[in-house]
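**Q** Fold the following, please.
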Amino acid sequence: MRSVVSSPEVNPELKLADTSLKGSCGVLIPAYNEEATVRTIIEVAKAAQLGPVLVVDDGSSDGTGSIAENAGANVLRLGENQGKGGAVHAGASALETEVVILVDADLTGLTPEHLHTLARPVLEHRVDMTRGDFSGGRWRTTAAQRITPQLNGQRAIMREKLLSIPGLRESRYGIEIAITETAKKDAWRTQKVPLENVSQVMKEEKRGFLQGLQIRLGMYRDILQTWLKNRVNN
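**A** Have a look, this model is predicted:
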């Protein structure tokens, strides 16, 4: 096991299942207490054979990191929870690939072809970023997608551009807003791609209604704070 240089409070440790985190493309899976679903997502990512698969265990208190290691992923363990933005920043910093595919750890219905659909336009240098668009899955996540498509976390992005996003590390659940606003401001070439029959497990289902609702309200707070910060800075 080797350490990754980062800020002291993160105290990360990287365990490599593969010999390298280099290549044209890598799959980055930020995960916080996702032991029930992370193995399935890793298996899909490995089956896609697009490049190294890196799970960032964002200070989980359950078995997420161990399950990810046993499933054959490269695992970056953060000593403290940094939020999704911090996990993605740490993972993208550890990867040495040209393109990063961002995949949530709580998806259902994901297939290797979905990942190829996300990656292909960026790998072919036709666009700087793709964003997934759910359809045909569970009605609640599809409906949420129709209302706020910019919050979909399934993306493929040029790694250099991802790491250039202001406030990425501090954005927590506001990461998608930070990405979207930077893409608009810097005129990234973007493309929406269909992810048919893909959905997510709702937070209230994973954590129970009250805890899930509390997490959801915290997520909305992070989103609003990131949006307001971008409005002020721009």
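
**Q** Of all the strand elements in this structure, which one is longest?
**A** Secondary structure assigned by DSSP state E gives strand 22-31 as the longest strand of the chain.

**Q** Now do the buried residues in that strand.
**A** Applying a neighbour-count criterion of 16 or more other C-beta atoms under 10 Å, the buried positions in strand 22-31 are 25-31. C-betas here are computed from N, CA, C, even on glycine.

**Q** What is the nearest of those to Ala183?
**A** Taking C-beta to C-beta as the measure, Ala183 sits nearest to Leu28 out of these, at 17.5 Å.

**Q** orientation of the strand or helix carrying Ile179 relative to strand 22-31 in degrees?
**A** Ile179 is part of helix 175-185, with elements assigned from DSSP states H and E. Relative orientation of helix 175-185 with respect to strand 22-31: 140 degrees, computed using axes from the mean of the first three to the mean of the last three C-alpha atoms, to 10 degrees.

**Q** and helix 175-185, what does it pack onto?
**A** For helix 175-185, the helices and strands in contact under the criterion 3 or more C-beta pairs under 8 Å, 6 or more residues apart in numbering; DSSP states H and E are helix 83-94, helix 209-233.

**Q** And these, which one averages the lowest pLDDT?
**A** Per-segment mean pLDDT for the helices and strands packed on helix 175-185 reaches its minimum on helix 209-233, at a mean of 64.

**Q** Give me the residue at the spatial middle of the protein.
**A** When C-alpha atoms, centre = their mean is applied to the chain, the residue found nearest the centroid is Leu102 (3.9 Å).

**Q** quick one, what contacts it?
**A** Contact analysis of Leu102 by C-beta atoms under 8 Å, 6 or more residues apart in numbering lists 28, 30, 88, 153-157.

**Q** let's go with 10 Å and repeat that
**A** Shown here is Leu102, whose contacts under the criterion C-beta atoms under 10 Å, 6 or more residues apart in numbering are 27-30, 84, 88, 91-92, 118, 129, 131-132, 152-157, 162, 175-176, 179.

**Q** Could you measure from Arg221 over to Ile175?
**A** 14 Å (C-beta to C-beta, to the nearest Å).

**Q** who has more neighbours, those two?
**A** Ile175 (30 against 13; other C-beta atoms under 10 Å).
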